[in-house]
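Student: Here is the input, now give the coordinates:
(one chain, ligands or ions: 1)
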Amino acid sequence: MRLVLLGPPGAGKGTQAAILSEKLGVPHISTGDLFRANIGEGTPLGVEAKSYIDAGKLVPTDVTARMVESRLAEDDAANGFLLDGFPRTVEQADILTELLEKKGTALDGVLNFNIDEDVVVQRMLARGRADDNEETIRTRLQVYRDETKPLIDHYGDQIISIDAEGEVEEVNQRAMDKLGK
Ligand code: AMP
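Tutor: Residues are numbered from 1 along each chain as shown. This is a model prediction of the structure:
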């Protein structure tokens, strides 16, 4: 299955993606994780991305899209993937569509994790990641509203809506049910 996971920061996409990846047998590809790994290793990509991530802003699309393209070219992604954190803009969505078209494939669906904003702020503050301070969280939520939320309309009837409030296992079961698994 080729799926994109959408939702505000703190919706639990990463947690759900990890579980779904196990159950569906396809790799979990998180652009945030890929950036953090590059930052940890001190690669040029990591150095470039760090200032944007620390500020809660989007890393430029050309840099991000190149990273995603090379990750999707790896063998384990040939028959499916769960994309977590990409696309985050309509421009990135168009790039992804083209990239998949070149391979003669397309997405099977877009899981949209719905959750109240107050809940995500609490979750992020509890998570304690380097970019999880109040100011950065505010910026990331604004970026989400302005840039990422329009993807819900963009994907239209490809959207599979999941209620993301509640326990991890409960939310996961809802996703599996909607996927018919
Ligand atoms: P995440 O782990 O998905 O919350 O991403 C953490 C940070 O990585 C974001 O706040 C952005 O700075 C950056 N990032 C992740 N994915 C993208 C993307 N598709 N486009 C631009 N920046 C991204």
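
Student: D116 versus A18, what's the distance?
Tutor: In this view, A18 and D116 are 23 Å apart by C-beta to C-beta, to the nearest Å. Just so you know, the C-beta spots here come from the backbone N, C-alpha and C atoms, and that holds for glycine as well.

Student: neighbour count winner among those two?
Tutor: Ranked by neighbour count (other C-beta atoms under 10 Å), A18 and D116 place A18 first, with 16 against 12.

Student: Please, where are all the strands along the chain?
Tutor: Remark: strands assigned in the chain by DSSP state E are 2-6, 28-30, 81-84, 109-114, 159-163.

Student: so which of these gets nearest V143?
Tutor: strand 2-6 (13.7 Å; C-beta to C-beta).

Student: strand partners of the closest one, parallel vs antiparallel please.
Tutor: Sheet pairing here is set by DSSP bridges, and for strand 2-6 it gives strand 81-84 (parallel), strand 109-114 (parallel).

Student: Leaving out sequence neighbours, find the closest residue to Y52.
Tutor: In this structure, Y52 finds its nearest non-sequential neighbour in V59, 4.6 Å apart by C-beta to C-beta, 6 or more residues apart in numbering.

Student: Run a quick neighbour tally on whichever residue of the chain sits closest to the ligand.
Tutor: With C-beta to the nearest ligand atom as the measure, G32 is the residue of the chain nearest to the ligand, at 1.9 Å. Around G32 there are 19 other residues, counting by other C-beta under 10 Å.

Student: Quick check on E165: phi, psi?
Tutor: The phi/psi pair for E165 (degrees, to the nearest 10) reads phi -90, psi 140.

Student: what sits against it?
Tutor: When contacts are counted by C-beta atoms under 8 Å, 6 or more residues apart in numbering, E165 is found next to I115, D116, V119, V171.

Student: on that earlier part again, for the strands paired with strand 2-6, which one sits closest to L6?
Tutor: Taking C-beta to C-beta, strand 109-114 is the member of those nearest to L6, at 4.6 Å.

Student: okay, the angle between the closest one and strand 159-163?
Tutor: Computed by axes from the mean of the first three to the mean of the last three C-alpha atoms, to 10 degrees, the angle separating strand 109-114 from strand 159-163 equals 30 degrees.
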